[in-house]
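J.: 3D model of this:
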Amino acid sequence: MRIPDYDLLASLTGDETFYVVDENGRSRRAKTGSISGAAAQFASTGKFYSDQGATVARYGDRLFVGSATANDGAADRDNRPTDWLTSEMAATSIGGWAIWRSTLAALSTIGASAVAAGSRTSDAVSNAAALGSMPSSIGVSSWGIADSTQNPTDATAYAFYGEAWRMAGVNYQPTFGMELEAVNLGGDASGMTTPYHVNCGGGVYGIQLGSGGGQTSGTSDAEAALTFVSNPSRWKYGLMFAAGSLTGTDGTDSGYGSAIVMAARQGLSWSTPETVENVQGASTGAMVWSSVAAAANGQRIEFSDNGLLFENSTGHLLFSVLPMADPNATLQVQAGTEQQAAGLYVNEGNNGSPNMLLSCATGGNFMLQGEMVAANTATPFTAAPAYGWLQAGVLVGGSWVQGRIPVFSADQAGG
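T.: Below is the predicted model:
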């Protein structure tokens, strides 16, 4: 019987038998399932597409690699924690779901990288003609597609998901959910990154969060680039910058490093906890932002050991608020409303002073602007002011002129 006359098996279960010859020339019987235990080696065809001669291997169901092979792949999730990851997860409240529903699972047997991937632009350039276009060199790519229109539904899409577990007793080294390193081996970039020109030639960036996926139509604005949630534990800090992580300062010197850079009219907003139209937090309670359009008109705010400093764009001080360790009187700046005058008010605290001090530099004038009334030559005092004359600048007819305010004693003024 000729071989082409045998019935063709469209698929193999692994229990089929075939005959082989070993290295000593002896005939041996083996099962088709044992082939997976031998390292397969196939030389590259030099092609990428199957219709151009490339070899494409296909596994229609599931593939387990490394320590993941200890998992039997059965539908019963937690009663068969055979691989080490499923065993660890099965002992927790959430259960061992990671390998249970994975199409491709790889667990390291030696505690190193379970999966390594890489791509380089030089290969993209050299193969662009054969591929028909210039590809982007992407080490790992993943898509999570939310396409179920059932409502309500528990189905949620994630392009990437990962967990880093710190087990009890681990107290020496930290644990990271993810670390992304930007490695610049080419010196300073040829351009400059700004909010108006984010990606410059030669620029190296740790993370870029985009919205739209490069689609030319059909997309809408995404909700948020980054959110922090409790699930159910909380973060002790939202964002933290290491002291020496930013160019310009090490956190102990007199330099400056920009932790957050935004374009004009972008800012920070704080939502209120109130519920409006069945949505909690939809209303804004506070905002900090900049509408400065020219650097020459810019301002700075600096918290220093000498107080709260308000400066111009070049760092020159405009005014400051000095710190006090134990204040017992406060100054209130208040806008006017109805018949109440706008002004500066002293709020006296416990054993505090009710007085307000306005002090000029040596030789300086108090500059007073208000409605001027007709001069009255009559004066009830014939003696000179006991404490002299307070020098003041007065706005008269649109021009500042020198004036003098007599400072009489209480006795001179009648008590």
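
J.: Any idea how many residues pack against T86?
T.: 24 (other CB atoms under 10 Å). Glycine gets a C-beta too; all of them are placed from N, C-alpha and C.

J.: give me the element it is part of.
T.: Here T86, judged by DSSP states H and E, is contained in helix 84-90.

J.: Show me the contact partners of that helix.
T.: 67-68, 70-71, 77-78, 80-81, 95-100, 107, 165 (CB atoms under 8 Å, 6 or more residues apart in numbering).

J.: which one is the residue nearest the centre of the chain nearest to, not counting chain neighbours?
T.: The residue lying closest to the centre of the chain (CA atoms, centre = their mean) is L226, at 6.1 Å. In space, L226 comes closest to L209 once its chain neighbours are excluded; the distance is 6.8 Å by CB to CB, 6 or more residues apart in numbering.

J.: surely the one you found meets A224?
T.: No - the criterion here is CB atoms under 8 Å, and L209 misses it with A224 at 9.6 Å.

J.: From P135, how far out is A124?
T.: Counting by CB to CB, to the nearest Å, the gap from A124 to P135 is 5 Å.

J.: separation between Q340 and A296?
T.: 37 Å.

J.: on that earlier part again, restricted to buried residues, select the contacts of helix 84-90 in ChimeraX.
T.: To isolate in ChimeraX the members of those that are buried, counting by 16 or more other CB atoms under 10 Å, one can use:
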select :67,68,70,71,77,80,81,96,98,99,100,107
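
J.: Which of the contacts of helix 84-90 sits closest to L268?
T.: Using CB to CB, W165 comes nearest to L268 of those, at 33.5 Å.

J.: close enough to count as contact, the closest one and T175?
T.: Yes - using CB under 8 Å, W165 is in contact with T175, at 7.1 Å.

J.: ok, G352 - contacts?
T.: Neighbouring residues of G352 by CB under 8 Å, 6+ apart: 327-329.

J.: 10 Å instead?
T.: For G352, the contact set (CB atoms under 10 Å, 6 or more residues apart in numbering) comprises 327-330, 346.

J.: Surely V401 is within a helix?
T.: No - judged by DSSP: H, G, I helix; E, B strand; the rest coil, V401 forms no part of a helix; its state is strand.

J.: So I35, which state does it fall into?
T.: helix.

J.: swap in the one 10 residues further on?
T.: Secondary structure for T45, judged by three-state DSSP, is coil.

J.: try L395
T.: Taking three-state DSSP, the label given to L395 is strand.

J.: Repeat that for A106.
T.: Quick answer, by three-state DSSP: A106 is strand.

J.: And the pLDDT for it?
T.: Here, the pLDDT recorded for A106 equals 96.

J.: try G415
T.: Looking at G415, the pLDDT reads 68.

J.: Could you do S230 as well?
T.: pLDDT, read off for S230, is 96.

J.: Near the residue nearest to L226, how many other residues are there?
T.: 8.

J.: Kindly report the same for L331.
T.: Considering only other CB under 10 Å, L331 is surrounded by 12 other residues.

J.: Tell me where the stretch 51-200 of the chain has helices.
T.: Ranges of helices in the stretch 51-200 of the chain, per DSSP state H, counting those that start in this stretch, are 84-90, 121-131.

J.: Determine which stretch of these is the most buried.
T.: Highest mean neighbour count among these (mean count of other CB atoms under 10 Å): helix 84-90, with a mean of 18.

J.: tell me the mean pLDDT for that helix?
T.: Helix 84-90 comes out at a mean pLDDT of 92.

J.: Figure out how far it is from the centre of its chain.
T.: 32 Å (CA atoms, centre = their mean, to the nearest Å).

J.: Repeat that for stretch 109-128.
T.: With CA atoms, centre = their mean, you get 27 Å for stretch 109-128.
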